[in-house]
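Peer 1: Got a predicted structure plus its sequence, pasted below:
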Amino acid sequence: MFSMLRIDTATETVTKETSDSLEYLLGGRSLSSHLVSEEVNPKCDPFGQENKLFFCNGALSGTNVSSSNRLSIGGKSPLTSGIKESNAGGIVATRMAQQGLRCIALEGTPPPNSGWRIVVIGRTGTEFLDGSFLAGKGVYEKSDLLSEKFGSKAGCITIGPAGENLLYASGIACSDPHGVCSRYAGRGGLGAVMGSKKIIALVILDDGDRKPDYVDQEKFNAAAKQIIKLLKENPISSKFTKYGTSAMVDICQALKVLPTQNFRHGVMEGAERINAQALYDTIKERDGEGKTQHACMLPCAIMCSNVYPDKEGHLLCSPIEYETMALMGSNLCLKNLDTIAEMNRIANDVGVDTLDCGAAIGVAMEAGLAEFGDDKAAVAMMEEIRHLTPLGRIIASGCKIAAQVLGVKHAPHVLGQAIPAYEPRGSKGMAMTYLSSPMGADHTFGFTLRDEEDTLTKKGKVDLSKKFQVIGSRMDAMGTCNFVRYSVRNDMTPLLDLIAARYGVEVSGEQFDDMVKKTLRIEHQFNTDAGITIADHRFAETFYVEKQPETGEVIDFTDEETLQAMQW
Amino acid sequence: MVTIVFKLSEMGTVSLDIDEPVPFSRVLQLCAQKTAVDIGGVIAVRGGRLISQEDLVHNGDQVDVFPAISGG
């Protein structure tokens, strides 16, 4: 049986429930989207009493299997007005498993003018503490204070000032293995939902004594070793280890899909100054606290994360990922890794999504608030968020709202969520994935780019996107890191063997994919019930009528084609 | 002569003499033999366009080859 802790933030009462359904067994997005679909009124106010936040670990959380401790967070998104699943690495999923928990639910909202609360979950129970000493502080300072109070090994979840102030691009920060809340479930504004419940931190103490049970421990250990072997032997995984996701800068530049100048272009002159090699060489050269390899969760054999040091070798930001390098770099015509790192650090500290805020700054630059390529202006706009100025609040509300307020037609979003780092006119597979995702524009939802025979034609892209929507959703479906998928892409058996050995439940590859498709169906149904229509699954009109200069392409998908990619 | 530039790889640049157009998959095989490196999945770009394993590579072509990773 799997346990869920329901926490009513209005009454401060806590109840425990158990279930042995397949959704609970798999955990991850299978469970979070199931619970949102079952328990949240699709038409509710995302900041109102009816919205809930579900924190779910996965089928292999708490075990020694590499890369299996993602934390899936689900709720209704203020950014998209639809269902949202956003996940993060870190140690929270592990701590939940050690407390015997598959899910923690935050429900209700406290009365107006209620103070900030910290929810602390430990072996002896759950308590509510005064959280006012954290209010208004940046996430790094909050992180230090939480570590001081609860120990650096506690699994902490917190929000920044952006979430406290209900800004739509607010993320949720989770403890990394060093006790720093730097692993973000960044997308969709769930940090603001947590803020609406007046929970400033959720802490899972490091006193859990639950060890994982195994139906067949010998078989489980053998299967766990097989995962390590697959990851180590996979040449792609080894590239992740050395360069992380930043290797995408060169790939996207070569394919002319590197977001540049508010998604006006797909190529940036001087992109080599912010590419993977530049990042790797800078970290190596500065040494100190810098790391080119870093595990965001334990255990992890991939270690795609990094620690970027400042010129003195002190930690500036961890991690820097490709999407941030593009949205806060090339998209703003910035060619300085230190600037990108500084903006990333501010984003982590104020608690916002780097993608939506990077895109919003691109919109602001197009509106004439600053010049593209102006490093100081870009950093200053991030500082406006910290100081909660009107402009800062606009930027931290994401690129759709920024475009509406600032009068910019070329707003790079779908369903209110900023387009990730692949220019859609130059990659029709990615464009179809953005269009058809129930989460708003999301690259992890169905990453087609490496498998598109011709990136510029829409022919075959509905089917290709659907194929990768399933492949891309498999790892989320059980709380495993997306990058494990390279090793099990054609055969899920190694992961399914682990489930069988742990729980004694045989799930075939076909059954697993049926579960993935069911999740996609209920996510789309939630959005339909929320009032979202196909008209919301479109890019801004400019993407349909203005050619991308480097490829000569426009978006040429019809609503009917998008609907086909949403049918499961 | 075709030039294969392996980006972010210890393989560096590999030049091959070919008498006639050959599928890119064959070019990769020849590169692997020449360098004794396991290439793995790749994204190959010629003139700003992706090429597939079946596409023919011609004398004089330059192909940039990247590890087939994705963003996170």
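Peer 2: It's in.
Peer 1: SS state for residue 31?
Peer 2: Going with chain A. Of the three states, A:Leu31 takes helix according to DSSP: H, G, I helix; E, B strand; the rest coil.
Peer 1: Could you measure from it over to chain B?
Peer 2: 22 Å (C-beta to the nearest C-beta, to the nearest Å). Just so you know, the C-beta spots here come from the backbone N, C-alpha and C atoms, and that holds for glycine as well.
Peer 1: What of A:Arg521?
Peer 2: A:Arg521 is 25 Å from chain B, by C-beta to the nearest C-beta.
Peer 1: And for A:Asp375?
Peer 2: To chain B, A:Asp375 is 23 Å away according to C-beta to the nearest C-beta.
Peer 1: Isn't that residue up against A:Asn336?
Peer 2: Yes. Using C-beta atoms under 8 Å, A:Asp375 makes contact with A:Asn336 at a distance of 5.6 Å.
Peer 1: higher neighbour count, the two?
Peer 2: The residue with more neighbours, out of A:Asp375 and A:Asn336, is A:Asp375; 17 against 14, by other C-beta atoms under 10 Å in any protein chain shown.
Peer 1: Please name the nearest non-neighbouring residue to that one.
Peer 2: A:Thr339 (4.3 Å; C-beta to C-beta, 6 or more residues apart in numbering or on different chains).
Peer 1: dump the residue contacts of that neighbour.
Peer 2: A:Gly329, A:Asp375, A:Ala378, A:Val379 (C-beta atoms under 8 Å, 6 or more residues apart in numbering or on different chains).
Peer 1: Keeping just the C-alphas, turn the helix or strand hosting it into CSV.
Peer 2: In the assignment (DSSP states H and E), A:Thr339 maps to helix A:337-350. This file holds the C-alpha atoms of helix A:337-350, laid out as CSV (Å, rounded to 0.1, in the frame of the first residue of the first chain):
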residue,chain,number,x,y,z
LEU,A,337,28.3,33.2,-19.7
ASP,A,338,28.9,35.3,-16.6
THR,A,339,25.8,37.4,-17.4
ILE,A,340,23.7,34.3,-18.1
ALA,A,341,24.9,32.8,-14.8
GLU,A,342,24.1,35.9,-12.9
MET,A,343,20.6,36.1,-14.3
ASN,A,344,20.1,32.4,-13.6
ARG,A,345,21.3,33.0,-10.0
ILE,A,346,18.8,35.9,-9.6
ALA,A,347,16.0,33.7,-11.1
ASN,A,348,16.8,30.9,-8.6
ASP,A,349,16.9,33.4,-5.7
VAL,A,350,13.6,35.2,-6.5
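Peer 1: Kindly provide the distance from A:Lys428 to A:Asp442.
Peer 2: Going from A:Lys428 to A:Asp442 by C-beta to C-beta, to the nearest Å gives 16 Å.
Peer 1: so, if you compare the contacts of A:Thr339, which one comes nearest to B:His58?
Peer 2: A:Gly329 (35.3 Å; C-beta to C-beta).
Peer 1: Show the pLDDT at that closest one.
Peer 2: On pLDDT, A:Gly329 comes in at 98.
Peer 1: next one: the one 10 residues further on
Peer 2: At A:Thr339, the predicted lDDT confidence score is 98.
Peer 1: again, but for B:Gly72
Peer 2: 67.
Peer 1: ok and the residue in chain B nearest chain A?
Peer 2: Residue nearest to chain A within chain B: B:Gly40 (2.7 Å; C-beta to the nearest C-beta).
Peer 1: okay, how far is it across stretch A:67-76, tip to tip?
Peer 2: In stretch A:67-76, first residue to last residue: 27 Å (C-alpha to C-alpha, to the nearest Å).
Peer 1: quick one: buried residues of stretch A:192-208?
Peer 2: Buried residues in stretch A:192-208, counting neighbours by 16 or more other C-beta atoms under 10 Å in any protein chain shown, are found at A:192-206, A:208.
Peer 1: from those, which ones fall inside strands?
Peer 2: If you go by DSSP state E, those have A:Ile199, A:Ile200, A:Ala201, A:Leu202, A:Val203, A:Ile204 in strands.
Peer 1: Hmm, the fifth one is touching A:Ser152, no?
Peer 2: No. With contact defined as C-beta under 8 Å, A:Val203 does not count as touching A:Ser152 (11.9 Å).
Peer 1: check which helix or strand covers A:Ala364.
Peer 2: helix A:354-366.
Peer 1: just the angle between that helix and helix A:337-350, please?
Peer 2: 120 degrees (axes from the mean of the first three to the mean of the last three C-alpha atoms, to 10 degrees).
Peer 1: I'd like the next helix or strand past helix A:354-366.
Peer 2: That would be, after helix A:354-366 and using DSSP H and E, helix A:375-386.
Peer 1: Tell me which two of the contacts of A:Thr339 sit farthest apart.
Peer 2: So, these by C-beta to C-beta: farthest apart are A:Gly329 and A:Val379, at 12.5 Å.
Peer 1: So which of the two has more stuff around it?
Peer 2: Set A:Gly329 next to A:Val379 and count neighbours by other C-beta under 10 Å: A:Gly329 wins out with 31 against 19.
Peer 1: Nearest to chain B: which residue in the stretch 101-250 of chain A?
Peer 2: Closest point on the stretch 101-250 of chain A to chain B, by C-beta to the nearest C-beta, is A:Pro235, at 2.7 Å.
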